[in-house]
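Colleague: Return atomic coordinates for the entry below.
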Amino acid sequence: MLRDKLRLVAGYTYNSDCSKDDKLKLNGTITNHPLAELIREISSKTLSGTLRLKHERAQTAVYFEDGQLVYAASNLRTLRLQEYLNKSGLVSEKDRPRQENNLSDLALAGALRATGTLSQKEVDSLLVTLVADVLRVALLWTEGTWEFDQRARLDNAVRVKVDIANLLREAVQRMPLKFVSERFRNPNETISRVSEVSLTTNFLPAESFILSRLDTPTRLEDLVVISGLREFEAHRAIYGLALSGQVEREYWQNAFRTDAAKANEAQVPPTTPAREAGQSDNSWTSVSDDEEELKKFLYRVGQATNHYEVIELPLTAGANEVKDAYYALARRYHPDRFHLKSGTKLHAEISSAFARITQAYETLTDSKARSAYDHSLERSRRFAESAPKRSKVAPSAAAADAPKPETNVPDTESGNAEYNFREGFGALEQGRIDAAINYLAAAARLAPQDARYRAYYGRALAAREKTRRLAENEIQAAVKLDPANAAFRTMLAELYFDLNFHRRAQTEVDRALALDPNDALARLLLRKLEKSRKVG
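Modeller: Model prediction:
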């Protein structure tokens with residue numbers, strides 16, 4: 001039934017050349033294997049065939065050749081080529097091919113080309129839009145069934161080129177958070193950044209931050225903790241990056257059985273009784289009477305901004321007071337006391353919090369280290385006070401049209417964003433790049449529409465050779481949000497100069513000087529560019 005209905009939408013035929021030993025047909029549920037993961041797996045295994053999906057009354061067919069997604073069709077009226085012709089206004093009703101209602105989408109496209117009604121470029125553009133929309137709808141299905149048939153191939157030689165990686169990342173942002181989080185069954189699996197991160201990808205702040213923390217392969221559980229994001233939000237960022245090929249996961253829940261896949265699945269721990277009962281792994285299990293106190297402890301340490309706040313002592317506290325405070329905290333919150341929770345997100349949070357306490361203790365009980373730390377605190381305070389204030393320039397039309405965050409940022413988060421920005425700016429001025437990246441990433445994540453946060457986060461990323469490619473996205477976002485800011489364009493020019501993109505650097509310098517002829521940094525960079533041309 002499904003096969004016959006979709007044949008009317010996009011014709012296909014059966015390939016009799018497939019070996020009898022091939023696994024010609026496979027099927028399953030979308031809940032266990034969503035379309036996004038099926039696309040990734042089919043692509044990675046370079047399979048050819050037709051993937052059919054059914055969700056209630058909606059049906060979709062996705063066609064592959066050697067792992068490449070070449071076409072997709074739907075039985076929904078709103079996702080038929082005829083509807084797109086109606087909306088586009090490219091073809092008048094009298095110029096349309098006769099009997100168009102009986103034609104499949106690809107047959108209609110061929111007729112439009114053959115009669116000269118539309119050019120090849122116009123037809124290709126319509127098909128790209130149509131296929132992308134078909135995929136956008138099906139990628140959000142969390143229930144239904146799927147079937148993959150290696151024998152079913154397209155009759156037509158069409159090859160529609162859609163940006164699959166960005167489509168997958170975009171879809172993840174619209175998927176239910178709980179569904180995304182459930183795609184991660186093993187908190188100990190390793191997440192790694194690929195060697196070549198795409199230069200053209202416009203990463204979200206959370207995705208950029210995750211990538212900036214992946215200098216070395218990291219356990220999923222640890223990555224969630226150091227990301228500073230809520231668990232579900234961290235999972236969504238990681239899932240989107242993994243599907244689009246920006247990071248590599250150690251384990252996937254494969255649909256197409258191979259020996260390697262079975263070995264991977266054997267290492268995934270069985271579902272815990274708590275999850276079977278519908279409880280979340282990061283829920284607070286009521287085991288001890290001091291559970292509420294433990295929550296308050298973790299929150300307090302998480303909000304602390306320096307060693308003194310971590311250990312709850314004034315700046316005038318003596319070494320003996322520091323020791324007493326440390327041992328009191330160790331008796332109550334040392335990770336070994338919570339060994340029964342080992343391997344959980346909660347235990348990782350406790351370990352992370354106590355690591356900060358230990359660092360505070362070691363620093364504040366060493367007279368030389370404490371003196372240097374106190375001096376650093378004072379310098380940070382002065383630099384933070386000199387941080388750039390919010391621009392009063394009205395947002396551009398492009399910025400006004402930019403996607404808005406899912407929810408309004410509460411006043412408390414707005415204040416935290418400004419605090420993180422001041423601390424990050426101070427660290428950047430002092431050359432403490434890692435600290436600057438952490439603070440500024442947090443600010444940009446909390447308030448992605450503030451151009452200052454995005455610009456200086458990009459500037460911090462530009463200071464590290466490994467993250468310069470990520471820096472361009474952040475600074476470009478700042479320029480889009482505040483195009484009349486000469487300083488941001490100068491930052492972009494400096495980045496292009498460091499990347500040896502001198503023509504781009506010259507363009508941005510010219511724009512910066514047009515906005516502010518007295519911009520000293522822009523003039524300095526202009527002299528560098530002129531000197532490099534003479535040397536070249």
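Colleague: Going by C-alpha atoms from here, please, whenever you check contacts or count neighbours.
Modeller: Fine.
Colleague: what pLDDT, on average, does the helix or strand containing residue 293 get?
Modeller: Under the criterion of DSSP states H and E, residue 293 resides in helix 291-303. Mean per-residue pLDDT for helix 291-303: 82.
Colleague: What residues of it count as buried?
Modeller: 297, 298, 301 (16 or more other C-alpha atoms under 10 Å).
Colleague: and of those, the nearest to residue 146?
Modeller: The closest of the buried residues of helix 291-303 to residue 146 turns out to be residue 298 (C-alpha to C-alpha; 44.1 Å).
Colleague: give me every residue that touches that closest one.
Modeller: Residues near residue 298 by C-alpha atoms under 8 Å, 6 or more residues apart in numbering: 349, 350, 353.
Colleague: Roughly how far does the residue nearest to the spatial centre of the chain sit from residue 132?
Modeller: Central residue of the chain (C-alpha atoms, centre = their mean): residue 207, 3.2 Å from the mean position. Separation of residue 207 from residue 132 (C-alpha to C-alpha, to the nearest Å) stands at 23 Å.
Colleague: and if you look at residue 41?
Modeller: According to C-alpha to C-alpha, residue 41 and residue 132 sit 19 Å apart.
Colleague: pull the CA atoms of the host helix or strand of residue 528 into CSV?
Modeller: Using DSSP H and E, residue 528 sits within helix 520-535. Presented in CSV, the C-alpha positions along helix 520-535 are these (Å, rounded to 0.1, in the frame of the first residue of the first chain):
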residue,chain,number,x,y,z
ALA,A,520,43.5,53.3,15.7
LEU,A,521,43.4,49.5,15.5
ALA,A,522,42.0,49.6,12.0
ARG,A,523,44.7,52.1,10.9
LEU,A,524,47.4,49.9,12.4
LEU,A,525,46.0,46.9,10.5
LEU,A,526,45.8,48.9,7.3
ARG,A,527,49.6,49.7,7.6
LYS,A,528,50.2,45.9,8.2
LEU,A,529,48.3,45.1,5.0
GLU,A,530,50.2,47.7,3.0
LYS,A,531,53.5,46.4,4.3
SER,A,532,52.5,42.8,3.4
ARG,A,533,51.7,43.8,-0.1
LYS,A,534,55.1,45.5,-0.5
VAL,A,535,56.9,42.4,0.8
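Colleague: just to confirm, which helix or strand has the nearest residue to residue 217 once chain neighbours are set aside in it?
Modeller: Leaving aside its sequence neighbours, residue 217 sits nearest to residue 192 (C-alpha to C-alpha, 6 or more residues apart in numbering; 4.4 Å). Assigned by DSSP H and E, residue 192 falls within strand 190-193.
Colleague: need the next SSE after that strand, C-terminal direction.
Modeller: From strand 190-193, the next helix or strand downstream (DSSP H and E) is helix 205-212.
Colleague: going on from that next one, what's the next piece of helix or strand?
Modeller: strand 218-219.
Colleague: What lies in contact with that following strand?
Modeller: In contact with strand 218-219 (C-alpha under 8 Å, 6+ apart) are residues 187, 188, 189, 190, 191, 192.
Colleague: returning to that earlier point: need the residues that contact the strand holding residue 192.
Modeller: For strand 190-193, the external contacting residues (C-alpha under 8 Å, 6+ apart) are 211, 214-220, 246-250.
Colleague: Write a ChimeraX command that selects only the buried members of those.
Modeller: Burial among the contacts of strand 190-193 is assessed by 16+ other C-alpha under 10 Å; the matching ChimeraX selection reads:
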select :211,217,218,219,220,246,247,248,249
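Colleague: wait, which of the contacts of strand 190-193 is closest to residue 127?
Modeller: residue 246 (26.9 Å).
Colleague: Okay, the closest one and residue 168: tell me how far apart.
Modeller: Separation of residue 246 from residue 168 (C-alpha to C-alpha) stands at 12 Å.
Colleague: which residues do those two both contact?
Modeller: Common neighbours of residue 246 and residue 168 (C-alpha under 8 Å, 6+ apart) do not exist.
Colleague: now the helices for the stretch 401-536 of the chain?
Modeller: With helices called from DSSP state H, counting those that start in this stretch, the stretch 401-536 of the chain shows them at 411-430, 433-446, 451-462, 468-481, 486-498, 502-515, 520-535.
Colleague: quick one, which of these is nearest to residue 226?
Modeller: Residue 226 lies closest, by C-alpha to C-alpha, to one member of the helices of the stretch 401-536 of the chain: helix 433-446, at 9.6 Å.
Colleague: Using PDB, write out every CA atom in the closest one.
Modeller: Extracted in PDB, the C-alpha atoms of helix 433-446 (Å, rounded to 0.1, in the frame of the first residue of the first chain):
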ATOM      1  CA  ILE A 433      42.500  32.900  27.100                       C
ATOM      2  CA  ASP A 434      41.000  29.700  28.400                       C
ATOM      3  CA  ALA A 435      39.200  31.600  31.200                       C
ATOM      4  CA  ALA A 436      38.100  34.200  28.700                       C
ATOM      5  CA  ILE A 437      36.600  31.600  26.400                       C
ATOM      6  CA  ASN A 438      34.700  30.000  29.200                       C
ATOM      7  CA  TYR A 439      33.200  33.300  30.600                       C
ATOM      8  CA  LEU A 440      32.500  34.800  27.200                       C
ATOM      9  CA  ALA A 441      30.900  31.600  25.900                       C
ATOM     10  CA  ALA A 442      28.600  31.600  28.800                       C
ATOM     11  CA  ALA A 443      27.600  35.200  28.200                       C
ATOM     12  CA  ALA A 444      27.000  34.500  24.500                       C
ATOM     13  CA  ARG A 445      24.900  31.500  25.300                       C
ATOM     14  CA  LEU A 446      22.700  33.300  27.800                       C
END
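Colleague: can you pull the contacts of residue 203?
Modeller: Neighbour list for residue 203: residue 473 [criterion: C-alpha under 8 Å, 6+ apart].
Colleague: Could you tell me the per-residue confidence at it?
Modeller: pLDDT, residue 203: 80.
Colleague: Kindly report the same for the one 5 residues further on.
Modeller: Residue 208 carries a pLDDT value of 81.
Colleague: Correct me if wrong: it contacts residue 472.
Modeller: No. Between residue 208 and residue 472 there is no contact under C-alpha atoms under 8 Å: 11.0 Å.
Colleague: Next, the angle helix 411-430 makes with the helix holding residue 293.
Modeller: Inter-element angle recorded for helix 291-303 and helix 411-430: 40 degrees (by axes from the mean of the first three to the mean of the last three C-alpha atoms, to 10 degrees).
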